[in-house]
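# everything below, folded, please.
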Amino acid sequence: MHHMNRIDNGRIEALIASVRELTPGQFSWLERTVQIFHCSHNFRIFNSDLLDEETLENFGDALRIHHGFSAEPFSKDKFEYLLERAISMSDKKAQLAPKGNQGHDITIDGVAVSLKTQANKGIQEEKIWISKFMELGKGSWGEDPEDLKHLLALFIRHMKNYDRIFMLRALRKAPDWLYELVEIPKSLLLKAQNGELVLKSESRQYPKPGYCYVMDGDTELFELYFDGGSERKLQVKKLLKSYCIVHAQWEFTIPGT
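Here you go, the predicted model:
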């Protein structure tokens with residue numbers, strides 16, 4: 001799997017020379033990192049127009065370094081940062097959006113992309129949950145069922161801000177990690193336009209939470225949950241992975257110290 005794009009001898013000599021200058025503690029951290037690269041791993045790429053073998057490896061190795069020093073799954077900010085770095089190491093151009101941008105998170109070769117992560121306990125491999133797709137913010141939302149139409153329109157409008165949606169999912173955790181990169185087609189989410197809106201009038205919450213159930217015949221594709229809690233956010237629940245595209249998987253073991 002390792003492409004021996006020869007590393008310039010001068011760089012190797014310079015690194016060896018600098019290693020001799022390290023304190024014992026610094027040497028231990030470096031040693032730990034190098035050991036991680038020798039642990040068993042299996043990186044797989046599927047029909048991906050986003051990643052090539054090199055990007056797959058660069059991203060996977062950075063995941064491994066992270067988990068050499070943390071048992072916490074990747075957060076969104078780390079995912080954004082790492083994807084930009086890994087893609088920029090190959091021929092593609094990637095640029096992160098400014099922090100707090102309401103639309104896309106990263107631009108890859110001129111394409112605006114939204115990034116999500118999922119690492120909850122009890123994660124279901126075949127059903128995707130996006131705990132915070134977007135903030136629903138201000139605007140009319142109380143106990144009138146018509147309010148859900150307005151909220152659904154916000155969701156549809158939000159998706160005009162980007163072309164593609166990628167999600168990094170931690171399916172298994174320490175010490176045997178399994179991550180996957182899944183693309184959620186915008187065309188799938190846009191089916192919510194014909195979904196069935198239901199306001200939970202009996203709820204004690206205010207504003208009243210609501211659902212949008214999205215079907216394909218008898219199959220439920222996903223549901224939108226308009227969460228009336230303090231955050232006023234939109235969740236995407238029970239999204240069938242079989243309707244999405246898996247781009248890559250990274251499986252690796254990080255032994256204890």
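# please point out which parts of stretch 235-250 sit buried.
For stretch 235-250, burial by neighbour count (16 or more other CB atoms under 10 Å) applies to 235-236, 238-239, 241, 243-250. Any C-beta I mention is one placed from the backbone N, CA and C, and that applies to glycine too.
# what lies in contact with whichever strand or helix holds residue 12?
Taking DSSP states H and E as the criterion, residue 12 maps to helix 9-20. Residues external to helix 9-20 that are found in contact with it (CB atoms under 8 Å, 6 or more residues apart in numbering): 27, 30.
# buried residues in it?
The neighbour-count criterion (16+ other CB under 10 Å) identifies no buried residues in helix 9-20.
# now that helix: how far from the chain's centre is it?
Centre-to-centre, helix 9-20 and its host chain are 36 Å apart (CA atoms, centre = their mean, to the nearest Å).
# list the contacts of the helix or strand that it is followed by.
Toward the C-terminus, helix 9-20 is succeeded by helix 24-37 as the next helix or strand (DSSP H and E). Residues outside helix 24-37 that contact it (CB under 8 Å, 6+ apart): 19, 22, 61, 64-65, 67-68, 254, 257.
# list the residues that contact the nearest residue to residue 200 once chain neighbours are set aside.
Nearest-residue entry for residue 200: residue 209, 5.0 Å, with adjacent residues in sequence omitted and distances by CB to CB, 6 or more residues apart in numbering. Contacts for residue 209 (CB under 8 Å, 6+ apart) come out as 199-200, 203, 225-229.
# relative to residue 173, how far out is residue 209?
According to CB to CB, to the nearest Å, residue 209 and residue 173 sit 30 Å apart.
# where does this structure have low pLDDT?
1-5, 138-139, 257 (pLDDT under 70).
# out of the contacts of residue 209, who has the most neighbours?
residue 226 (26 neighbours; other CB atoms under 10 Å).
# in the sheet, who's paired with the nearest residue to that one once chain neighbours are set aside?
Among residues not flanking residue 226 along the chain, residue 210 sits closest, at 4.3 Å (CB to CB, 6+ apart). Beta-bridge pairing of residue 210 under DSSP bridges involves residue 199, residue 226.
# what's the burial count for residue 210?
22.
# that one against residue 151, yeah?
Yes: contact criterion CB atoms under 8 Å: residue 210 and residue 151 qualify, at 7.3 Å.
# shared neighbours, these two?
Joint contacts of residue 210 and residue 151 (CB under 8 Å, 6+ apart) are residue 226.
# host element of residue 114?
Remark: residue 114 resides in strand 111-118, with elements defined by DSSP H and E.
# which elements pack onto the helix or strand that comes right after that strand?
Sequence-wise, the next helix or strand downstream of strand 111-118 (DSSP H and E) is strand 127-135. Using 3 or more CB pairs under 8 Å, 6 or more residues apart in numbering; DSSP states H and E as the contact criterion, the elements in contact with strand 127-135 are strand 111-118, helix 146-158, strand 164-172, strand 233-240.
# OK, contacts around residue 223?
Residue 223 makes contact with 195, 211-214, 236-238 under the criterion CB under 8 Å, 6+ apart.
# turn the residues you listed into CSV, columns for distance to residue 116.
As requested, the contacts of residue 223 are arranged in CSV below (distance: CB to CB, whole Å):
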residue, distance to residue 116
195, 20
211, 20
212, 18
213, 21
214, 18
236, 9
237, 13
238, 15
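# my guess is residue 86 contacts residue 55. True?
Yes: counting by CB under 8 Å, residue 86 does reach residue 55; the two are 5.2 Å apart.
# now the helices and strands packed on strand 127-135 as CSV including distance to residue 101?
Formatted as CSV, the helices and strands packed on strand 127-135 follow (distance: least, CB to CB, whole Å):
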stretch, distance to residue 101
strand 111-118, 10
helix 146-158, 12
strand 164-172, 15
strand 233-240, 17
